[in-house]
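*Asks:* coordinates for the following, if possible.
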Amino acid sequence: MTSAGRPVPAAPVPAEPVPAEPVPAWLRELAVAAKTMEVPALILPPVSGGKPSAVLVLFGDGPGGPDLLFIQRSQELRLHAGQPAFPGGAIDAGDDGPVAAALREAAEEVGVDPEGVEVVGTLPELFIERTGFRVVPVLAWWRRPSAVAPVDAGEVAAVERVGVAELADPAVRLMVRVPDGRTTPAFRVREMLIWGFTATLVDRLLALAGWEKPWDIGKVMDL
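*Replies:* Now for the predicted structure:
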């Protein structure tokens, strides 16, 4: 059809919405089990004190099965420089609790779209002694994954989706000994060494979900 002898542009075809992935049964079962998980002494909160915070433990449907979203902290940070972690941070006064804080931090750090995330539960409060953070891990499913990348290079250097099968591989598992002599689980994947609080949490989730495989707990590396 033309108007005054000129072609009329065709109306743009709306993009097909990305289909949402329903929450898998295994994740709902994990959320139930995780609510009452035994907290390792290394990350057990004190009776009082500490700054309330939250992290987003975001599972998605990766090419090789379930995966988890990790960030790698910038080397410029004063605390946890260069260390892999889950997205998260302190609960601000404007946040409506740990769930809102975890979603906000994930959006601010790497651009996760909260609309594409379905929260399935929270875990018991944990503690990071070095920073004094009391942390509520928020367990969630990436129903509609969005593109993610570091938003502020001064805070986040990289983003990785790491498959659960990779993390459960006994070949990548080890223990690390920190300077005070204590040891924590660790994972060496994607040229990252995941250790400390984050690795301890991953270790517990693998066990609770039944994904853990026998591995050499005697393999210890000094940091």
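
*Asks:* right, and the helix or strand after the lengthiest strand in the chain?
*Replies:* Among the segments of the chain that qualify as a strand by DSSP state E, the longest is strand 51-62. Using DSSP states H and E, the helix or strand that directly follows strand 51-62 along the chain is strand 65-73.

*Asks:* and that following strand, what does it pack against?
*Replies:* strand 51-62, strand 84-85, helix 98-110, strand 156-163, helix 164-168, strand 192-194 (3 or more CB pairs under 8 Å, 6 or more residues apart in numbering; DSSP states H and E). Where C-beta positions appear, they are placed from N, C-alpha and C, glycine not excepted.

*Asks:* make CSV out of the ones you listed and add distance to Leu139.
*Replies:* CSV is the format used below for the helices and strands packed on strand 65-73 (distance: least, CB to CB, whole Å):
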stretch, distance to Leu139
strand 51-62, 5
strand 84-85, 16
helix 98-110, 10
strand 156-163, 16
helix 164-168, 14
strand 192-194, 18
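
*Asks:* who's the nearest residue to Pro145 once chain neighbours are set aside bridged to?
*Replies:* Leaving aside its chain neighbours, Pro145 sits nearest to Gly60 (5.5 Å; criterion: CB to CB, 6 or more residues apart in numbering). For Gly60, the beta-bridge partners are Asp67 (DSSP bridges).

*Asks:* what residues does Gly60 make contact with?
*Replies:* Glu21, Pro66, Asp67, Leu68, Leu69, Trp141, Trp142, Pro145, Arg161 (CB atoms under 8 Å, 6 or more residues apart in numbering).
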